[in-house]
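Engineer: have a look at this prediction, sequence included:
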Amino acid sequence: PYTQFMPKEGQARGVQIDIDPGMIGMRYPYEVNIVSDAAAALRALIPHLRRKEDRSWREGIESNVARWWETMRAQAMISADPVNPMRVFSELSDRLPADAIVTADSGSSANWYARQLKFTGRVRGSLSGNLATMGPGVPYAIGAKIGHPDRPVIAFVGDGAMQMNGLNELITIKRYWHEWADPRLIIAVLHNDDLNQVTWE
């Protein structure tokens, strides 16, 4: 949603692939707009690409990403009292079940989710990216469990969002949990007595 980080118009050529036609061309004047599932579109496009012999751009990106993960790990290992919340996410990242679904609220829980978790294999995730809606972590987790009752689900929610609607959703969980083949639905409440993102802003 942060268009200030997009290239200036005319500075770069862009292709957008989106399954939702309403999102096409929304943030940048792309040269080619493709309404499709990304996997299907890429399978069709890859045979038309030419491999560049100069790999320096890609190698630079790979190096930057590796350095990013080192930085994120170092930040997660900084000690704090009572706990560095980034460490919770970082430690979970290495321990996620192969078929886990992870959800998060907006705010600082979304920041740490995005910075610390590595999704591999069948691990999937969901958070409110377009509207930064407060409080979707627990409802998203319930939706994930209803859609995939055989998979473990983990929700990261702030204490403010948990108070606003997460607590009420515990009633929904009580109503349905016995219907799930795998009853694991973990809700991690990030309790700091603050609407953290609002304070930062």
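Structural biologist: Done, it's in.
Engineer: which parts of stretch 119-138 are buried?
Structural biologist: For stretch 119-138, the neighbour count (16 or more other C-beta atoms under 10 Å) marks 123, 125-128, 134-138 as buried. Where you see a C-beta, it was placed from the backbone N, CA and C, and this is true even at glycine.
Engineer: by contact count, what packs against the host helix or strand of Ile171?
Structural biologist: Ile171 belongs to helix 167-176 when assigned by DSSP states H and E. In terms of contacts (3 or more C-beta pairs under 8 Å, 6 or more residues apart in numbering; DSSP states H and E), helix 167-176 is packed against helix 137-147.
Engineer: any idea of the angle the helix it packs on forms with helix 167-176?
Structural biologist: Angle, helix 137-147 to helix 167-176, by axes from the mean of the first three to the mean of the last three C-alpha atoms, to 10 degrees: 20 degrees.
Engineer: which element follows helix 137-147 toward the C-terminus?
Structural biologist: Heading C-terminal from helix 137-147, the first helix or strand you meet, by DSSP H and E, is strand 153-158.
Engineer: who's in contact with that next one?
Structural biologist: Here strand 153-158 makes contact (C-beta atoms under 8 Å, 6 or more residues apart in numbering) with 89, 92, 96, 100-105, 107-109, 112-113, 135, 137-138, 140-141, 144-145, 166, 184-190, 192, 195-196.
Engineer: repeat the analysis, applying 7 Å as the threshold.
Structural biologist: With C-beta atoms under 7 Å, 6 or more residues apart in numbering as the test, strand 153-158 has contacts from 100-105, 107-109, 113, 137-138, 141, 144-145, 166, 184-190, 196.
Engineer: next step: these restricted to helices.
Structural biologist: Using DSSP state H to define helices, the subset of those located there is 108-109, 113, 137-138, 141, 144-145, 196.
Engineer: okay, buried residues for the helix or strand bottoming out on mean pLDDT in the chain please.
Structural biologist: The weakest-scoring helix or strand in the chain, judged by mean pLDDT, DSSP states H and E, is helix 196-200 (a mean of 73). Residues of helix 196-200 classed as buried: 196-197 (neighbour count, 16+ other C-beta under 10 Å).
Engineer: please consider this matter closed, and thank you.
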